[in-house]
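K.L.:
sharing a model prediction with you, sequence too.
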Amino acid sequence: MAVVSTERAVEYFSNKLDFTTGPVELKHMMDVGEDINIVDVRAPEDYADGHIPGAHSLPRSDWESFAGLSRDGTNIVYCYSQVCHLAASAARKFAENGFAVKELEGGFEQWQRHNMPIER
């Protein structure tokens, strides 16, 4: 069994905390009025079926436009689920272009599982 590097673990978990958030934490940020901007990168029809309140729809075909992104606050990006990599891909692209980003861990699936409000 390999020995785990504690230095690498500290770096990994520090990065995880810096660049991800969970549904409960996001709801708290919304409730206290933190300077965040929520971005849904799922397909437009899925956004229309229900999304996190106040989220902007920015499907993959529109990523180049950066429409709805904020340069002033942190953009919280989400997709479908924990195993969906759309949000991570979008977050990387947006960060490469100077936007502050975090990924919502578990995506819309976890938002729903925590019985958080949904806007249609």
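P.N.:
Received it, and whenever you're ready, just let me know what you need. All values reported here derive from a predicted model rather than from experimental measurement.

K.L.:
name the helix or strand of this structure that has the lowest mean pLDDT.
P.N.:
Of all helical and strand segments in the chain, the minimum by mean pLDDT, DSSP states H and E falls on helix 6-19, at a mean of 95.

K.L.:
can you pull out the helices in the protein?
P.N.:
Listed in chain order, the helices found in the chain under DSSP state H are 6-19, 23-32, 44-49, 86-96, 107-113.

K.L.:
what's the closest non-adjacent residue to Val41?
P.N.:
Ala90 (4.5 Å; CB to CB, 6 or more residues apart in numbering). Every residue, glycine included, has its C-beta placed from N, CA and C.

K.L.:
stretch 65-73: how far from the chain's middle?
P.N.:
13 Å (CA atoms, centre = their mean, to the nearest Å).

K.L.:
report the buried residues of it.
P.N.:
Along stretch 65-73, these residues count as buried under the neighbour rule (16 or more other CB atoms under 10 Å): Phe66, Leu69, Ser70.

K.L.:
hang on, Asn37 packs against Thr74?
P.N.:
Yes - using CB atoms under 8 Å, Asn37 is in contact with Thr74, at 7.1 Å.

K.L.:
next, the contact list for the nearest residue to Lys27 once chain neighbours are set aside, please.
P.N.:
Leaving aside its chain neighbours, Lys27 sits nearest to Met116 (5.5 Å; criterion: CB to CB, 6+ apart). Residues in contact with Met116 (CB atoms under 8 Å, 6 or more residues apart in numbering) are Pro23, Lys27, Ile52.

K.L.:
surely the first one and Phe108 touch.
P.N.:
No - the pair Pro23 and Phe108 does not pass the contact test of CB under 8 Å, sitting 9.4 Å apart.

K.L.:
which one's more surrounded, these two?
P.N.:
Phe108 (26 against 22; other CB atoms under 10 Å).

K.L.:
OK, contacts around the more buried one?
P.N.:
Asp40, Arg42, Asp46, Gly50, His51, Ile52, Tyr78, Cys79, Tyr80, Ser81.

K.L.:
quick one: it from Asn75, how far?
P.N.:
16 Å (CB to CB, to the nearest Å).

K.L.:
with Glu64 instead?
P.N.:
15 Å.
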